[in-house]
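Trainee: only geometry, no sequence info:
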């Protein structure tokens, strides 16, 4: 089943890293959408209710990850789509706040391909358990 | 002699060598003394060129409080502080009045550099050794203590200073 | 992430493309902050932006497994975080730290590779850690703090427009060598001029030549001073890491220690400073490891459990002194005596002071254990050798049960003292700013005569005011009241000194007193001012010592 993912991160380097990760193993062949900032990311999320997982960077200028989550929560946008907040070490506070505004899980940098793969597996599990199509 | 003194002495010696030979065609002198001569009032003094590092113009002598007698102050010698001795008062004369022809003769003694404030510097003079006589007794001034001798040469009377005695200023 | 293969290794170029401009922005921002803080602008926005960039660089570097860049970015992020919360800490020193880090970060990111040398990054991270532990004020005394606080614009400040340049120290040495050649050539020029004068006789052109040659000399001398000054660094460069060191050694030895550092702004030639670190390190570790007793022993002896170590630097009479003192157990004279005897030395008639000095002799360390943290073996002889090689001296004083103090004296004609230049009877004098409380315009009505001494009210106290001409014995003393007085301080003593003009503040290079000058008491050294003239430096301590008090 072709899966699709959304990456919201202001770093081009991270985009390339994700590209690399999503081209390997059982993730190969999936569709990955890329957004470079919070607003663009939000619009893309709104356009793709079928996403398996959203990877949302915390630290972005203008609209950061927490703000994206807060808006999504306020507007009840696709609550079934799991969003993982990507943080850097030392952001425990932000992670807690993330959960409060609807983050499903978090991922700490530096991460490895295996971390993404594990995250995707859990996201798929969530989907199955919810019985989504 | 330090390399510095030699470096300065060479051109001076060269210059002295180029001076016209002594008048009156006398017999060639056996040994010569090379002296740097300078004037205080109208008297002429000389010190061996080998003790002279260089001669500089007076560009400000800063007074230093509480210095021993005969130390006029200090001056800037290319970034180094040079103590300047008032040689006039040391020899019993009145303090110098600095004029454009005043000079500071930088001498080297026991590895230390000191400046001597003089009224005017003459050329480097070569005098035959045998033109030097001990200080005459009839010249009774405080100066005779500081002389190693007097040279009569070419109708000039050059008093040869004993720098060690002159500059033995403090303990 | 393991140190093995990084999965994103192929993306190294992309990393550099993305992070290098960010690092450069950070570097530029720090330079801008340095300028802002100098002009008393807080620069909060810039700090926030920089923090964001650093965070990105940190994360990306972590992803790529480039630890040095990650660590430096992290350290800088911490520093910025602290400075964001503590506006009072935004000093020139703090800015310099940031600028250094910014430069380093650019190098690390630009030269990123798996084989990047971690040493500079480790060193810098250490610096920041020391800075952050020291910053809240624990490691500086009041007077030191005053020196590092934000000052008004300084006329001679190096980075006046916020432009600093990193230069290899060896370049400075090369420049000085070339300058030396220039000075020799100048001498030759003088000689040639004189020969020409004799050959050709006086004349307008020769007069001009003479003046030009004289000007050249002044220029070269100024250049020499400037270059010499460029080699100067504050002692804090070396002292800065000691709080951390002391904490580490204390921890390892199970001791409680309080470290007090002062005089960090005293400047020394870099060449001296570079070699001073080791012996100082040695002395300080020794003090902690051997000098200070364990807390229980101290309490038993009636001392506070926490040992006290003081590191004090000062510029005095043309020399820089650094004093390392502790309130520990003092040198064990008997142990030294025994050890000396075992080495075959005849110490039967030696008194305590003489025995103390033996600690500098090789083989005479009585310490039972080797202090591993200082990295070296036993013996203060090592430290003493280095200091002697630098042309300095080291002395020790000790009292059993009370403590030990080592005093290093370095014959630094390159010591720099920030001074107030004043003019008295057309001569200029330098007064070290550390001894100047204030300069005041002298109002005749405000100064009364009591017992033939001038007296005036100053900040609620009655202080003596003396004529500088009288104090300095200038030949012609002025008739009336000089227009300004400088309030000099030394310890608790205060005295006003009447002068003709206040020229301004200047960083002066202290040169010692020529032996031919005897031993003046009111003057502690000399210096060469910008115009090439020599000025005497007032020995404020001595001047105030000789003065009577007003009751």
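Mentor: It's in. For clarity, every value in this text was computed on a predicted model and none was experimentally measured.

Trainee: What segments of chain B are helices?
Mentor: Here chain B has its helices, by DSSP state H, at B:3-18, B:87-90, B:163-167.

Trainee: Hmm, I typed the wrong one, I wanted chain A.
Mentor: Going by DSSP H, chain A shows helices at A:12-21, A:38-47, A:65-74, A:92-100, A:113-130.

Trainee: Out of those helices, which gets the lowest mean score?
Mentor: Lowest mean pLDDT of the helices of chain A: helix A:92-100, a mean of 82.

Trainee: Which neighbouring elements make contact with that helix?
Mentor: helix A:65-74, strand A:83-88, strand A:105-109 (3 or more C-beta pairs under 8 Å, 6 or more residues apart in numbering or on different chains; DSSP states H and E). Backbone N, C-alpha and C define where each C-beta goes, glycine included.

Trainee: who are the neighbours in contact with the residue nearest to residue A:52 when sequence neighbours are not counted?
Mentor: Nearest non-adjacent residue to residue A:52, counting by C-beta to C-beta, 6 or more residues apart in numbering or on different chains: residue A:3, 4.5 Å away. Listed by C-beta atoms under 8 Å, 6 or more residues apart in numbering or on different chains, the contact set of residue A:3 reads A:27, A:30-31, A:52, A:120, A:124.

Trainee: Run a quick neighbour tally on whichever residue of the stretch 401-550 of chain C sits closest to chain A.
Mentor: Relative to chain A, the nearest point of the stretch 401-550 of chain C is residue C:418 (40.8 Å; C-beta to the nearest C-beta). Each residue near residue C:418 was counted by other C-beta atoms under 10 Å in any protein chain shown, and the total is 18.

Trainee: Does it touch residue C:435 like I think?
Mentor: No: look at residue C:418 against residue C:435 with C-beta atoms under 8 Å: they stay out of range, at 10.8 Å.

Trainee: Can you tell me the SS state at the closest residue to chain B within the stretch 51-200 of chain C?
Mentor: Nearest residue of the stretch 51-200 of chain C to chain B, counting by C-beta to the nearest C-beta: residue C:191, 4.9 Å away. Under DSSP: H, G, I helix; E, B strand; the rest coil, the three-state class of residue C:191 is helix.

Trainee: Where does pLDDT dip in chain B?
Mentor: For chain B, applying pLDDT under 70 flags the ranges B:1-30, B:78-80, B:137-144, B:169-171.

Trainee: Tell me where it has strands.
Mentor: Along chain B, counting by DSSP state E, strands occupy B:32-40, B:43-48, B:52-57, B:71-77, B:80-85, B:103-109, B:112-118, B:120-128, B:132-133, B:147-153, B:156-161.

Trainee: Which of these sits closest to chain A?
Mentor: Closest among the strands of chain B, using C-beta to the nearest C-beta: strand B:80-85, at 56.6 Å.

Trainee: For residue C:538, list the residues it contacts.
Mentor: C:429-432, C:488, C:522-524.

Trainee: Now with 6 Å, please.
Mentor: By C-beta atoms under 6 Å, 6 or more residues apart in numbering or on different chains, residue C:538 lies in contact with C:429, C:431.

Trainee: count of neighbours near residue 13?
Mentor: By default, I'm working from chain A. Around residue A:13 there are 21 other residues, counting by other C-beta under 10 Å.

Trainee: wrong one, chain C
Mentor: When neighbours are counted by other C-beta under 10 Å, residue C:13 comes out with 9.

Trainee: mind checking the SS state of it?
Mentor: With three-state DSSP as the basis, residue C:13 sits in helix.

Trainee: Please tell me how far it sits from chain B.
Mentor: Residue C:13 sits 51 Å away from chain B, going by C-beta to the nearest C-beta, to the nearest Å.

Trainee: Same question for residue C:541.
Mentor: 16 Å.

Trainee: need the contact list for the nearest residue to that residue once chain neighbours are set aside.
Mentor: Spatial nearest neighbour of residue C:541, chain neighbours left out: residue C:490 (4.5 Å); criterion: C-beta to C-beta, 6+ apart. The contact partners of residue C:490, taken as C-beta under 6 Å, 6+ apart, are C:435, C:540-541, C:544.

Trainee: mind putting those residues in CSV, pLDDT and distance to residue C:116 included?
Mentor: Shown next, in CSV, are the contacts of residue C:490 (pLDDT from 0 to 100; distance: C-beta to C-beta, whole Å):
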residue, pLDDT, distance to residue C:116
C:435, 84, 48
C:540, 87, 51
C:541, 81, 51
C:544, 85, 56
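
Trainee: For those residues, give me CSV that also has secondary structure.
Mentor: As requested, these are arranged in CSV below (three-state DSSP):
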residue, secondary structure
C:435, helix
C:540, helix
C:541, helix
C:544, helix
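
Trainee: Just the buried subset of those, please.
Mentor: Neighbour-count burial (16 or more other C-beta atoms under 10 Å in any protein chain shown) applied to the contacts of residue C:490 gives C:435, C:540-541, C:544.

Trainee: and which of those residues is nearest residue B:41?
Mentor: Comparing the buried ones among the contacts of residue C:490 against residue B:41 with C-beta to C-beta picks out residue C:540 as the nearest, at 41.3 Å.

Trainee: close enough to count as contact, the closest one and residue C:488?
Mentor: Yes: Residue C:540 sits in contact with residue C:488 when judged by C-beta atoms under 6 Å, with a separation of 4.9 Å.

Trainee: which residues do the two both contact?
Mentor: Shared contacts of residue C:540 and residue C:488, defined by C-beta under 6 Å, 6+ apart, are found at residue C:435.

Trainee: from memory residue B:86 sits against residue B:70, does it?
Mentor: Yes: contact status for residue B:86 versus residue B:70: in contact at 5.1 Å, counting by C-beta under 6 Å.
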